[in-house]
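A.B. asks: Sequence first, predicted model second:
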Amino acid sequence: MNRVHSLLVSVIVPVYNVEKYIDACLDSIRQQSHPNLEILVVEDCSTDRSLKALQPHLLDERIRLIQHEQNGGLSAARNTGIEVASGDYIMFVDSDDVVDRQLVEACINSAILSGADLVTYGFATFDDGKSTSDGQFAAADLARQAVVLGDEYFQLQNFAWLKFIHARVLRSMDIQFPVGLYYEDWPFHWHLGLVTTSKIQLNAKLYHYRQRGTSITGSTGRKLLDIFTVQELVMELVVDQGSKLLHGILEGKIRDSHWSVLTRIDDNLLGIALDKAQSADKIMRANGVVSAPRNWRRYVISSIVRLPRSISLMVLRILRMMLRKAVAARRKSLTTTTCS
(Lines give C-alpha, C1' and ligand atoms only; values in the text may rest on other atoms or scores of the structure.)
Protein backbone atom coordinates (compact mmCIF):
# COMPACT_ATOMS: atom_id res chain seq x y z
CA MET A 1 0.00 0.00 0.00
CA ASN A 2 1.50 3.34 -1.05
CA ARG A 3 1.57 6.42 1.14
CA VAL A 4 -1.62 7.94 -0.26
CA HIS A 5 -3.63 4.74 0.10
CA SER A 6 -2.41 4.30 3.67
CA LEU A 7 -3.86 7.63 4.79
CA LEU A 8 -7.17 7.30 6.58
CA VAL A 9 -9.99 9.73 5.76
CA SER A 10 -12.84 10.25 8.23
CA VAL A 11 -16.12 11.04 6.49
CA ILE A 12 -18.69 12.47 8.92
CA VAL A 13 -22.33 11.90 7.95
CA PRO A 14 -24.98 13.37 10.30
CA VAL A 15 -28.31 11.53 9.94
CA TYR A 16 -31.75 12.84 10.85
CA ASN A 17 -34.99 11.82 9.10
CA VAL A 18 -33.45 10.93 5.73
CA GLU A 19 -34.78 7.42 5.14
CA LYS A 20 -35.45 8.29 1.47
CA TYR A 21 -31.91 9.45 0.80
CA ILE A 22 -29.46 7.61 3.04
CA ASP A 23 -28.91 4.68 0.66
CA ALA A 24 -27.78 6.91 -2.21
CA CYS A 25 -25.58 8.97 0.11
CA LEU A 26 -23.77 6.07 1.76
CA ASP A 27 -23.45 4.14 -1.51
CA SER A 28 -21.65 7.12 -3.07
CA ILE A 29 -19.23 7.26 -0.12
CA ARG A 30 -18.61 3.52 0.07
CA GLN A 31 -17.81 3.43 -3.67
CA GLN A 32 -14.99 5.98 -3.39
CA SER A 33 -11.88 5.16 -5.41
CA HIS A 34 -9.83 5.81 -2.25
CA PRO A 35 -10.73 2.79 -0.09
CA ASN A 36 -9.17 3.68 3.26
CA LEU A 37 -12.18 5.37 4.84
CA GLU A 38 -13.72 5.71 8.26
CA ILE A 39 -17.37 6.53 7.66
CA LEU A 40 -18.81 8.03 10.85
CA VAL A 41 -22.61 7.97 10.72
CA VAL A 42 -23.97 10.08 13.56
CA GLU A 43 -27.65 9.20 14.03
CA ASP A 44 -29.36 12.14 15.74
CA CYS A 45 -32.55 10.50 17.04
CA SER A 46 -34.50 10.31 13.81
CA THR A 47 -38.28 9.93 14.08
CA ASP A 48 -38.63 8.14 10.72
CA ARG A 49 -37.10 4.84 9.54
CA SER A 50 -33.61 6.23 8.96
CA LEU A 51 -32.05 3.93 11.56
CA LYS A 52 -33.55 0.86 9.89
CA ALA A 53 -32.42 2.08 6.47
CA LEU A 54 -28.86 2.27 7.81
CA GLN A 55 -28.66 -1.37 8.89
CA PRO A 56 -27.61 -2.96 5.55
CA HIS A 57 -24.75 -0.48 5.23
CA LEU A 58 -23.31 -1.51 8.60
CA LEU A 59 -22.05 -4.71 6.96
CA ASP A 60 -19.30 -2.48 5.56
CA GLU A 61 -16.69 -2.56 8.30
CA ARG A 62 -15.59 0.97 7.46
CA ILE A 63 -18.91 2.34 8.73
CA ARG A 64 -19.25 3.20 12.40
CA LEU A 65 -22.67 4.07 13.78
CA ILE A 66 -22.80 6.59 16.62
CA GLN A 67 -26.23 7.21 18.15
CA HIS A 68 -27.13 10.34 20.09
CA GLU A 69 -29.27 9.82 23.17
CA GLN A 70 -31.21 12.97 22.35
CA ASN A 71 -31.56 15.14 19.29
CA GLY A 72 -28.84 17.79 19.22
CA GLY A 73 -29.09 19.14 15.69
CA LEU A 74 -26.65 19.23 12.79
CA SER A 75 -23.90 21.08 14.65
CA ALA A 76 -23.90 18.66 17.56
CA ALA A 77 -23.82 15.67 15.19
CA ARG A 78 -20.85 17.09 13.28
CA ASN A 79 -19.04 17.90 16.52
CA THR A 80 -19.56 14.33 17.70
CA GLY A 81 -18.01 13.12 14.47
CA ILE A 82 -14.99 15.39 14.91
CA GLU A 83 -14.48 14.17 18.48
CA VAL A 84 -14.39 10.48 17.56
CA ALA A 85 -12.66 10.77 14.17
CA SER A 86 -9.30 9.01 13.95
CA GLY A 87 -8.46 9.82 10.33
CA ASP A 88 -5.57 11.83 8.98
CA TYR A 89 -8.12 13.99 7.15
CA ILE A 90 -11.73 14.90 7.92
CA MET A 91 -14.60 15.82 5.63
CA PHE A 92 -18.39 16.16 5.86
CA VAL A 93 -21.20 14.81 3.71
CA ASP A 94 -24.84 15.67 4.39
CA SER A 95 -27.00 12.57 4.40
CA ASP A 96 -29.34 13.67 1.60
CA ASP A 97 -26.49 14.46 -0.80
CA VAL A 98 -24.14 12.30 -2.88
CA VAL A 99 -20.49 12.64 -3.87
CA ASP A 100 -18.45 11.89 -6.96
CA ARG A 101 -16.51 8.62 -6.81
CA GLN A 102 -13.23 10.51 -7.27
CA LEU A 103 -13.81 13.07 -4.51
CA VAL A 104 -11.67 11.64 -1.72
CA GLU A 105 -8.85 10.50 -4.00
CA ALA A 106 -8.68 13.88 -5.73
CA CYS A 107 -8.58 15.70 -2.40
CA ILE A 108 -5.96 13.51 -0.79
CA ASN A 109 -3.73 13.56 -3.87
CA SER A 110 -3.99 17.35 -3.95
CA ALA A 111 -3.25 17.70 -0.25
CA ILE A 112 -0.14 15.50 -0.50
CA LEU A 113 1.14 17.13 -3.70
CA SER A 114 0.70 20.70 -2.40
CA GLY A 115 1.13 20.23 1.33
CA ALA A 116 -2.18 22.04 1.88
CA ASP A 117 -4.08 21.64 5.13
CA LEU A 118 -7.37 22.54 3.47
CA VAL A 119 -8.74 21.49 0.08
CA THR A 120 -11.96 22.94 -1.32
CA TYR A 121 -13.96 21.88 -4.37
CA GLY A 122 -17.09 22.75 -6.31
CA PHE A 123 -20.63 21.41 -6.21
CA ALA A 124 -23.56 20.87 -8.53
CA THR A 125 -27.21 20.95 -7.53
CA PHE A 126 -29.84 18.42 -8.53
CA ASP A 127 -33.58 18.34 -7.88
CA ASP A 128 -35.09 15.93 -5.42
CA GLY A 129 -36.41 12.91 -7.28
CA LYS A 130 -33.72 13.02 -9.95
CA SER A 131 -30.49 11.07 -10.13
CA THR A 132 -26.89 12.16 -10.58
CA SER A 133 -23.88 10.66 -12.34
CA ASP A 134 -20.16 10.91 -11.70
CA GLY A 135 -18.19 13.41 -13.73
CA GLN A 136 -15.36 12.34 -15.99
CA PHE A 137 -12.57 13.44 -13.64
CA ALA A 138 -9.06 12.07 -13.25
CA ALA A 139 -7.98 12.51 -9.65
CA ALA A 140 -4.31 12.92 -10.57
CA ASP A 141 -5.10 15.63 -13.13
CA LEU A 142 -7.25 17.53 -10.66
CA ALA A 143 -4.42 17.48 -8.13
CA ARG A 144 -1.96 18.95 -10.64
CA GLN A 145 -4.41 21.66 -11.66
CA ALA A 146 -5.34 22.76 -8.13
CA VAL A 147 -5.24 26.51 -7.47
CA VAL A 148 -3.57 28.00 -4.40
CA LEU A 149 -5.99 30.12 -2.35
CA GLY A 150 -5.26 33.28 -0.41
CA ASP A 151 -7.89 35.69 0.87
CA GLU A 152 -10.15 34.70 -2.02
CA TYR A 153 -10.99 31.62 0.07
CA PHE A 154 -13.31 33.86 2.10
CA GLN A 155 -15.30 34.66 -1.04
CA LEU A 156 -16.21 30.99 -1.40
CA GLN A 157 -19.41 29.35 -0.19
CA ASN A 158 -19.49 28.72 3.55
CA PHE A 159 -20.68 25.11 3.33
CA ALA A 160 -18.77 22.65 5.53
CA TRP A 161 -19.30 19.89 2.98
CA LEU A 162 -17.03 21.67 0.51
CA LYS A 163 -13.95 21.17 2.67
CA PHE A 164 -11.32 18.43 3.03
CA ILE A 165 -9.34 19.22 6.19
CA HIS A 166 -6.17 17.95 7.81
CA ALA A 167 -7.38 16.58 11.14
CA ARG A 168 -4.60 18.23 13.15
CA VAL A 169 -6.03 21.67 12.25
CA LEU A 170 -9.41 20.93 13.80
CA ARG A 171 -7.88 19.30 16.85
CA SER A 172 -5.10 21.80 17.55
CA MET A 173 -7.35 24.83 17.10
CA ASP A 174 -10.44 23.21 18.68
CA ILE A 175 -12.63 24.25 15.76
CA GLN A 176 -16.25 23.17 16.18
CA PHE A 177 -19.73 24.14 15.05
CA PRO A 178 -21.89 26.37 17.29
CA VAL A 179 -24.64 24.18 18.73
CA GLY A 180 -28.28 25.25 18.68
CA LEU A 181 -28.01 27.58 15.70
CA TYR A 182 -28.82 27.34 12.01
CA TYR A 183 -26.28 28.65 9.44
CA GLU A 184 -23.57 27.05 11.59
CA ASP A 185 -21.26 26.80 8.56
CA TRP A 186 -20.54 30.55 8.68
CA PRO A 187 -18.24 30.62 11.76
CA PHE A 188 -16.73 27.22 10.89
CA HIS A 189 -15.77 28.44 7.40
CA TRP A 190 -14.22 31.67 8.62
CA HIS A 191 -12.44 30.20 11.64
CA LEU A 192 -10.94 27.47 9.45
CA GLY A 193 -9.81 29.98 6.85
CA LEU A 194 -8.16 32.23 9.42
CA VAL A 195 -6.06 29.47 11.01
CA THR A 196 -4.96 27.61 7.85
CA THR A 197 -2.17 29.17 5.83
CA SER A 198 -2.10 26.53 3.07
CA LYS A 199 -5.34 26.23 1.11
CA ILE A 200 -6.07 25.01 -2.41
CA GLN A 201 -9.13 24.65 -4.62
CA LEU A 202 -10.01 21.90 -7.08
CA ASN A 203 -11.68 23.11 -10.24
CA ALA A 204 -14.32 20.39 -10.37
CA LYS A 205 -17.88 19.88 -9.10
CA LEU A 206 -17.25 16.80 -7.00
CA TYR A 207 -20.16 17.20 -4.58
CA HIS A 208 -23.83 16.84 -5.54
CA TYR A 209 -26.25 18.89 -3.45
CA ARG A 210 -29.86 17.74 -3.39
CA GLN A 211 -32.40 20.57 -3.56
CA ARG A 212 -35.29 19.70 -1.26
CA GLY A 213 -38.43 21.70 -0.56
CA THR A 214 -37.69 21.55 3.18
CA SER A 215 -34.17 22.95 2.85
CA ILE A 216 -33.20 25.77 5.22
CA THR A 217 -32.00 27.76 2.22
CA GLY A 218 -35.66 28.20 1.24
CA SER A 219 -36.84 29.16 4.71
CA THR A 220 -38.79 32.34 5.36
CA GLY A 221 -39.44 31.71 9.05
CA ARG A 222 -37.75 32.21 12.40
CA LYS A 223 -34.72 30.11 11.39
CA LEU A 224 -33.54 33.07 9.34
CA LEU A 225 -32.98 35.09 12.50
CA ASP A 226 -30.09 32.82 13.51
CA ILE A 227 -28.00 34.23 10.70
CA PHE A 228 -27.54 37.46 12.67
CA THR A 229 -26.17 35.52 15.65
CA VAL A 230 -23.65 33.48 13.67
CA GLN A 231 -22.52 36.62 11.86
CA GLU A 232 -21.69 38.22 15.20
CA LEU A 233 -19.49 35.20 15.96
CA VAL A 234 -17.72 35.67 12.63
CA MET A 235 -17.26 39.41 13.20
CA GLU A 236 -15.52 38.67 16.50
CA LEU A 237 -13.10 36.35 14.71
CA VAL A 238 -12.37 38.74 11.85
CA VAL A 239 -11.98 41.84 14.01
CA ASP A 240 -9.43 39.98 16.15
CA GLN A 241 -7.47 38.32 13.34
CA GLY A 242 -8.54 39.67 9.96
CA SER A 243 -7.15 42.31 7.64
CA LYS A 244 -8.98 45.30 6.13
CA LEU A 245 -9.47 43.25 2.99
CA LEU A 246 -11.23 40.54 4.98
CA HIS A 247 -13.35 43.20 6.67
CA GLY A 248 -14.58 44.24 3.23
CA ILE A 249 -15.28 40.66 2.15
CA LEU A 250 -17.20 39.96 5.33
CA GLU A 251 -19.22 43.15 5.05
CA GLY A 252 -20.24 42.24 1.53
CA LYS A 253 -21.42 38.79 2.60
CA ILE A 254 -23.32 40.25 5.55
CA ARG A 255 -25.02 42.88 3.35
CA ASP A 256 -26.02 40.17 0.88
CA SER A 257 -27.54 38.11 3.67
CA HIS A 258 -29.36 41.18 5.06
CA TRP A 259 -30.93 41.71 1.65
CA SER A 260 -31.96 38.06 1.50
CA VAL A 261 -33.44 38.01 5.01
CA LEU A 262 -35.17 41.39 4.98
CA THR A 263 -36.77 40.88 1.58
CA ARG A 264 -38.15 37.38 2.17
CA ILE A 265 -38.68 36.77 5.90
CA ASP A 266 -42.29 36.34 7.04
CA ASP A 267 -44.12 39.63 7.53
CA ASN A 268 -44.66 39.06 11.27
CA LEU A 269 -40.89 38.70 11.79
CA LEU A 270 -39.79 41.68 9.70
CA GLY A 271 -39.56 44.08 12.63
CA ILE A 272 -37.39 41.67 14.63
CA ALA A 273 -35.13 41.06 11.64
CA LEU A 274 -34.76 44.79 11.02
CA ASP A 275 -33.76 45.39 14.65
CA LYS A 276 -31.08 42.73 14.35
CA ALA A 277 -29.84 44.11 11.03
CA GLN A 278 -29.58 47.62 12.48
CA SER A 279 -27.69 46.26 15.49
CA ALA A 280 -25.32 44.38 13.17
CA ASP A 281 -24.74 47.55 11.15
CA LYS A 282 -23.75 49.45 14.29
CA ILE A 283 -21.35 46.69 15.32
CA MET A 284 -19.77 46.65 11.86
CA ARG A 285 -19.26 50.41 11.83
CA ALA A 286 -17.89 50.42 15.39
CA ASN A 287 -15.30 47.79 14.42
CA GLY A 288 -14.38 49.26 11.04
CA VAL A 289 -16.03 46.43 9.08
CA VAL A 290 -17.19 48.84 6.39
CA SER A 291 -16.39 49.55 2.77
CA ALA A 292 -18.01 51.11 -0.28
CA PRO A 293 -20.90 48.88 -1.51
CA ARG A 294 -19.96 47.05 -4.72
CA ASN A 295 -23.45 46.43 -6.06
CA TRP A 296 -26.84 48.11 -5.92
CA ARG A 297 -28.39 45.60 -3.52
CA ARG A 298 -25.71 46.15 -0.91
CA TYR A 299 -26.03 49.89 -1.34
CA VAL A 300 -29.83 49.82 -1.05
CA ILE A 301 -29.99 47.53 1.97
CA SER A 302 -27.24 49.33 3.88
CA SER A 303 -28.95 52.67 3.20
CA ILE A 304 -32.33 51.36 4.38
CA VAL A 305 -30.92 49.80 7.53
CA ARG A 306 -29.32 53.11 8.55
CA LEU A 307 -32.61 55.03 8.41
CA PRO A 308 -34.63 55.64 11.58
CA ARG A 309 -36.49 52.43 12.44
CA SER A 310 -40.00 53.62 11.58
CA ILE A 311 -38.90 54.95 8.19
CA SER A 312 -36.72 51.92 7.53
CA LEU A 313 -39.63 49.56 8.22
CA MET A 314 -41.91 51.50 5.89
CA VAL A 315 -39.34 51.54 3.08
CA LEU A 316 -38.72 47.81 3.52
CA ARG A 317 -42.43 47.05 3.18
CA ILE A 318 -42.60 49.08 -0.02
CA LEU A 319 -39.50 47.32 -1.36
CA ARG A 320 -40.93 43.89 -0.53
CA MET A 321 -44.21 44.77 -2.26
CA MET A 322 -42.36 45.92 -5.37
CA LEU A 323 -40.24 42.77 -5.47
CA ARG A 324 -43.32 40.54 -5.12
CA LYS A 325 -45.04 42.36 -7.98
CA ALA A 326 -41.93 41.99 -10.12
CA VAL A 327 -41.80 38.25 -9.41
CA ALA A 328 -45.52 37.86 -10.19
CA ALA A 329 -45.12 39.78 -13.46
CA ARG A 330 -42.15 37.63 -14.46
CA ARG A 331 -44.08 34.43 -13.76
CA LYS A 332 -47.06 35.71 -15.75
CA SER A 333 -44.78 36.59 -18.65
CA LEU A 334 -43.18 33.14 -18.61
CA THR A 335 -46.59 31.46 -18.48
CA THR A 336 -47.84 33.54 -21.41
CA THR A 337 -44.71 32.74 -23.42
CA THR A 338 -45.03 29.01 -22.69
CA CYS A 339 -48.74 28.90 -23.64
CA SER A 340 -48.19 30.75 -26.90
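C.D. replies: That came through fine. Numbers count the residues shown, from 1 in each chain.

A.B. asks: how is the chain carved up into domains?
C.D. replies: Following automatic domain parsing, the chain resolves into domains at 3-216, 219-330.

A.B. asks: Which of the ones you listed has the highest mean neighbour count?
C.D. replies: Comparing the domains of the chain by mean neighbour count (mean count of other Cβ atoms under 10 Å), domain 3-216 ranks first with a mean of 18. From N, CA and C alone the C-beta is placed, and that goes for glycine too.

A.B. asks: how far does it sit from the chain's center?
C.D. replies: 10 Å (Cα atoms, centre = their mean, to the nearest Å).

A.B. asks: likewise stretch 306-323?
C.D. replies: Mean-position distance between stretch 306-323 and its chain equals 30 Å (Cα atoms, centre = their mean).

A.B. asks: if we can go back for a sec, can I get the domains of the chain in CSV with mean pLDDT?
C.D. replies: Output for the domains of the chain, formatted as CSV (pLDDT from 0 to 100):
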stretch, mean pLDDT
domain 3-216, 94
domain 219-330, 93
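
A.B. asks: looking at this, E38 is in a strand?
C.D. replies: Yes - assessed with DSSP: H, G, I helix; E, B strand; the rest coil, E38 lies in a strand.

A.B. asks: gap between it and D88?
C.D. replies: 10 Å (Cβ to Cβ, to the nearest Å).

A.B. asks: and for those two, which residues touch both?
C.D. replies: Overlap of the contact sets of E38 and D88 (by Cβ atoms under 8 Å, 6 or more residues apart in numbering) consists of L8, V9.

A.B. asks: which stretches of the stretch 1-150 of the chain form helices?
C.D. replies: Secondary structure of the stretch 1-150 of the chain (DSSP state H, counting those that start in this stretch): helices at 3-6, 22-30, 50-54, 73-84, 103-114, 139-144.

A.B. asks: now the ones you listed in JSON lines, with distance to D44?
C.D. replies: Formatted as JSON lines, the helices of the stretch 1-150 of the chain follow (distance: least, Cβ to Cβ, whole Å):
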{"stretch": "helix 3-6", "distance to D44": "32"}
{"stretch": "helix 22-30", "distance to D44": "13"}
{"stretch": "helix 50-54", "distance to D44": "9"}
{"stretch": "helix 73-84", "distance to D44": "5"}
{"stretch": "helix 103-114", "distance to D44": "24"}
{"stretch": "helix 139-144", "distance to D44": "32"}
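
A.B. asks: To K332, which of the ones you listed lies closest?
C.D. replies: Closest to K332 of the helices of the stretch 1-150 of the chain is helix 22-30 (Cβ to Cβ; 37.0 Å).

A.B. asks: So which elements touch the closest one?
C.D. replies: Here helix 22-30 touches strand 9-15, strand 37-43, helix 50-54, strand 98-99, going by 3 or more Cβ pairs under 8 Å, 6 or more residues apart in numbering; DSSP states H and E.

A.B. asks: 6 Å - rerun?
C.D. replies: Using 3 or more Cβ pairs under 6 Å, 6 or more residues apart in numbering; DSSP states H and E, the elements in contact with helix 22-30 are strand 98-99.

A.B. asks: Quick check: which of the helices of the stretch 1-150 of the chain is nearest to V239?
C.D. replies: Proximity to V239, assessed across the helices of the stretch 1-150 of the chain by Cβ to Cβ, is greatest for helix 73-84 (22.8 Å).

A.B. asks: Which elements pack onto that closest one?
C.D. replies: Using 3+ Cβ pairs under 6 Å, 6+ apart, helix 73-84 sits against strand 9-15, strand 37-43.

A.B. asks: how much does the last one deviate in direction from helix 22-30?
C.D. replies: By that I understand strand 37-43. 160 degrees (axes from the mean of the first three to the mean of the last three Cα atoms, to 10 degrees).

A.B. asks: Does K205 touch A124 like I think?
C.D. replies: Yes - at 4.2 Å, K205 counts as touching A124 under the criterion of Cβ atoms under 6 Å.

A.B. asks: now the strands: where do they sit in this structure?
C.D. replies: Using DSSP state E, the strands of the chain run over residues 9-15, 37-43, 63-67, 89-92, 98-99, 118-127, 147-149, 163-166, 199-211.

A.B. asks: Just grab the bridge partners of the nearest residue to A85 once chain neighbours are set aside for me.
C.D. replies: Among residues not flanking A85 along the chain, S10 sits closest, at 3.7 Å (Cβ to Cβ, 6 or more residues apart in numbering). Listed by DSSP bridges, the beta-bridge partners for S10 are E38, I90.

A.B. asks: any idea how far S10 is from G122?
C.D. replies: Between S10 and G122 the distance is 22 Å, computed by Cβ to Cβ.

A.B. asks: Ok, I63 next?
C.D. replies: Applying Cβ to Cβ to I63 and G122 gives a distance of 27 Å.
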